[in-house]
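Asks: sequence and predicted model, in that order:
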Amino acid sequence: MPFGAGYMKIQFYGAAQRVTGSKHLVTTNKGTKILLDCGLFQGIGTTELNLHFGFDPKDVDFLILSHAHIDHTGLVPRLVRKGFKGTIYSTPATKNLCEIMLMDSAFIQEKDLERINKRRIGRNEEPYELLYNGEDVEAALSLFKTVGYETPFVIEEGVTAKFYDAGHLLGSAGIYLTFEDENHEKSLFFTGDIGRPNDKILRSPQPFPQSDYIICESTYGNKLHEPEADIKAHLLRIVNETCVEKKGKLLIPAFAVDRTQEIIYALDQLAHEGLLPKIPVYIDSPLSVKATMAMRENEECFNPEILAYIKHDGDAFDFENLHYISDVSASKALNESHEACIIISSSGMAEAGRIKHHIKNNIEKPTTTILLVGYCSPESLGAILKTKPKEVRIFGEKFEVNADIEVMDSFSGHADYNEMIAHLSCQDATKVKKLFLVHGDIENQLMFKNRLSHVGFQEICIPMQGEGFDL
C-alpha cells in the first residue's frame, strides 16, 4: 500500500544482528517493492529461516544483488520457486558467478537435505522441504539483467539505481538508489560487503555519492586486521613446516571465488620466484575450477598490480605442480594418499563441500595443518576450529583435533572497522539521516556503532530480524 508523498519503508529480513542471509526490502511511496540481496542463512539452526522469507515473494517487484556470495544470493532460486517474477539486476561479473555458484548451491541443498531428512525420519520427525533445485536456478538466471558500474538504470519512474565497485568480490557492488516525486528526493546506499583497500587482485572500494540513508555491513565492526609484513613469507613458512618438515597435508578451506584465487596467486608468485617446494597443490573444487575461469574472463575488475604480473607471467593462476580437480573419485583419492601436499577446497567456513571431508579424514593426524584464511560465522566448523578445541563434531561424529590450526586474516575479503570508516568518509556524516548496521554480530555492531558516533554519524540503528522503518 502506498505511504503517501515522500514516504518509503525499509524492512530487514536477513543479516539483522547476524552475518548471513542478507535481505533488505524497500517499499517505495508507490508501493513498489525492491529487494536488496536474497541471501542464504548459513550455520546451525538456520533451516526454518531459509524456508520462510517473512514476506510473500510474489509481492516483490525487483531484486538488486550486491554480489554473488551465497549469503547474499543463495535464496534467489527459492524466491523464484515461490513466485517472484520480476527483474534481477546485477553487474555482469556477478551474473557470471551466480551461474556457477547457484547451481553448486542447489546440488549442496539436495545432498545436505537427503542426509538431514534421513536423520529426521529416523526420529519420527517431519522431513524438511527442498529449498530449490537446478530448474529453479535456471528460472532465476533467465530473469537477470546486467548493468556495469556507474551506469544509471531506471527501476521505475522516479526510482533510479547505480552500482559502485565494492572491491570485495569479482563484480561486487554497493547499490545507490534515488527516489524522486513532485516534492521530495531521497537517496539510499547499500554498501553490500566492503572490500579491503589494496586487495591483491581486485580494485579498492569506490567512493559513493552523498546519501540520506545508508545500510552498512559491520562484519568486522570490532576488529582490526593484523598488519601482514609479508603474506607470501607467512604462507611459505606454513607450507614448509607442514609439507617439508612434517611431510603432511596442508588443508586450506577457502571460498571458491576470490579467496581461492588469491591463495593461488600468492603460490604462483612463490613458484615463479623459485621458493615453493616441489609438492603438488590441488584445487579440489569444481566450483573453484569454474570460478577461476570466470576470474580470467573478467580481468576488467583487476587492479593494475596483478594486470602487470599477468602481462609478464602470462597467467596468475597456473604454475608447475598445480592441479585443478573436478572429478569426485580424484577428490576421494586425495584422502587415501599419504603424499605431502596442499589441498585448497571450499567452503571457506568448512561448513560444506569437499573440504569438510578432507578435514574429517585428516584432523586427527599430527602431520596435518588446517589453515583458515577468511571470515567464519560463529556457528560454523571453521569458527570452532579457530578456537583450537580438543575435539570437534563433523557429520555427527566426534574427532580429536591433533592437527595444527593456523589463521591468516590477511586473506580476508572484509574490511576491518578502520577500513569501513575510511570507506564511509566520502560522506558528510551530518547529512546522513539514518545509518543502519547489518551483516554483523550484535557485539561487533554495538562497538562499531560507538565508533561511527565518534566520526559524526548521528542516528545509527541496529535493526532486528523483520523490523521495519519508515523513511
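Replies: Cool, got the structure. None of the values given here were measured: they were computed from a predicted structure. Numbering: from 1, shown residues only.

Asks: would you map the strands across the stretch 1-150 of the chain?
Replies: 9-14, 23-27, 33-36, 62-64, 87-90, 144-146 (DSSP state E, counting those that start in this stretch).

Asks: how about those in TSV, adding mean pLDDT and distance to N418?
Replies: The C-beta positions use only the backbone N, C-alpha and C, and glycine is treated the same way. Output for these, formatted as TSV (pLDDT from 0 to 100; distance: least, Cβ to Cβ, whole Å):
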stretch	mean pLDDT	distance to N418
strand 9-14	98	25
strand 23-27	98	25
strand 33-36	98	25
strand 62-64	98	28
strand 87-90	98	29
strand 144-146	98	33
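
Asks: and R259, which of the ones you listed is closest to it?
Replies: With Cβ to Cβ as the measure, strand 87-90 is the member of the strands of the stretch 1-150 of the chain nearest R259 (20.4 Å).

Asks: packing partners of the closest one?
Replies: With contacts taken as 3 or more Cβ pairs under 8 Å, 6 or more residues apart in numbering; DSSP states H and E, strand 87-90 sits against strand 62-64, strand 144-146.

Asks: quick one: low-confidence ranges for the chain?
Replies: The model of the chain has pLDDT under 70 over residues 1-6, 228-229.

Asks: and the residue nearest the centre of it?
Replies: The centre of the chain sits closest to H69, judged by Cα atoms, centre = their mean, with a distance of 3.8 Å.

Asks: excluding residues flanking it in the chain, which one is nearest that residue?
Replies: What sits nearest to H69 in space, not counting adjacent residues and going by Cβ to Cβ, 6 or more residues apart in numbering, is L169, at 6.1 Å.

Asks: the one you found and R451, how far apart?
Replies: 25 Å (Cβ to Cβ, to the nearest Å).

Asks: more neighbours: which of the two?
Replies: Applying other Cβ atoms under 10 Å to L169 and R451 shows that L169 carries more neighbours, namely 26 against 16.

Asks: residues contacting that one?
Replies: Residues in contact with L169 (Cβ atoms under 8 Å, 6 or more residues apart in numbering) are H67, A68, H69, L97, D193, G195, L202, V257, D258, G413.

Asks: quick check, L437 in a helix?
Replies: No - under DSSP: H, G, I helix; E, B strand; the rest coil, L437 sits outside any helix and is assigned strand.

Asks: hey, what's it bridged with?
Replies: C216 (DSSP bridges).

Asks: next one: T160
Replies: Applying DSSP bridges, one finds that T160 bridges with V154, T178.

Asks: begin at 401, not 1, for the rest of this chat.
Replies: Right, with 401 as the first residue, what we last looked at is T560.

Asks: how far away is it from K649?
Replies: 52 Å.

Asks: what's the span of stretch 854-861, first residue to last?
Replies: This stretch, stretch 854-861, spans 15 Å end to end (Cα to Cα, to the nearest Å).

Asks: let me have the contacts of L569 in CSV, extended by distance to Q845.
Replies: Formatted as CSV, the contacts of L569 follow (distance: Cβ to Cβ, whole Å):
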residue, distance to Q845
H467, 21
A468, 24
H469, 19
L497, 28
D593, 15
G595, 19
L602, 25
V657, 26
D658, 24
G813, 19
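
Asks: which among these count as buried?
Replies: Among the contacts of L569, those classed as buried by 16 or more other Cβ atoms under 10 Å are H467, A468, H469, L497, D593, G595, L602, V657, D658, G813.

Asks: among these, which pair sits farthest apart?
Replies: Taking Cβ to Cβ, no two of the buried ones among the contacts of L569 sit farther apart than L497 and G595, at 14.8 Å.

Asks: contacts only, for the closest residue to C826 other than its chain neighbours.
Replies: Nearest residue to C826, sequence neighbours excluded (Cβ to Cβ, 6+ apart): P607, at 3.8 Å. Applying Cβ under 8 Å, 6+ apart to P607 gives the contacts Y564, H823, C826.

Asks: let's have those in CSV, adding neighbour count.
Replies: Listed next are the contacts of P607 as CSV, based on neighbours: other Cβ atoms under 10 Å:
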residue, neighbour count
Y564, 21
H823, 25
C826, 15
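
Asks: which ones among these lie within helices?
Replies: Of these, the ones assigned to helices by DSSP state H are H823.

Asks: let's have the contacts of P607 in JSON lines, adding distance to K711.
Replies: Output for those, formatted as JSON lines (distance: Cβ to Cβ, whole Å):
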{"residue": "Y564", "distance to K711": "27"}
{"residue": "H823", "distance to K711": "29"}
{"residue": "C826", "distance to K711": "31"}
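
Asks: can you pull the buried residues of the longest helix along the chain?
Replies: Longest helix in the chain, counting residues (DSSP H): helix 492-522. Using 16+ other Cβ under 10 Å as the test for burial, helix 492-522 gives 492-506, 508-509, 513, 517.

Asks: do stretch 832-852 as well
Replies: Under the neighbour-count criterion of 16+ other Cβ under 10 Å, stretch 832-852 has 832, 834-841, 844-849, 851-852 buried.

Asks: neighbouring contacts of that stretch?
Replies: For stretch 832-852, using Cβ under 8 Å, 6+ apart, the contacting residues are 410, 412, 415-419, 422, 424, 593, 611-623, 778, 817, 820-821, 824, 829, 857-863, 869, 871.

Asks: then that stretch to CSV, C-alphas only?
Replies: Extracted in CSV, the C-alpha atoms of stretch 832-852 (Å, rounded to 0.1, in the frame of the first residue of the first chain):
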residue,chain,number,x,y,z
VAL,A,832,23.1,11.1,6.7
LYS,A,833,19.6,10.9,8.4
LYS,A,834,19.9,7.2,9.4
LEU,A,835,22.6,4.6,9.1
PHE,A,836,21.5,1.0,9.5
LEU,A,837,24.1,-1.6,10.6
VAL,A,838,23.6,-5.1,9.1
HIS,A,839,25.7,-8.2,8.4
GLY,A,840,27.4,-8.4,11.8
ASP,A,841,27.1,-10.0,15.2
ILE,A,842,25.4,-7.7,17.7
GLU,A,843,28.6,-7.3,19.9
ASN,A,844,30.5,-6.1,16.8
GLN,A,845,27.7,-3.9,15.8
LEU,A,846,27.5,-2.1,19.1
MET,A,847,31.2,-1.4,19.1
PHE,A,848,31.0,-0.2,15.5
LYS,A,849,28.0,2.0,16.3
ASN,A,850,30.1,3.7,19.0
ARG,A,851,33.0,4.3,16.6
LEU,A,852,30.7,5.7,13.9
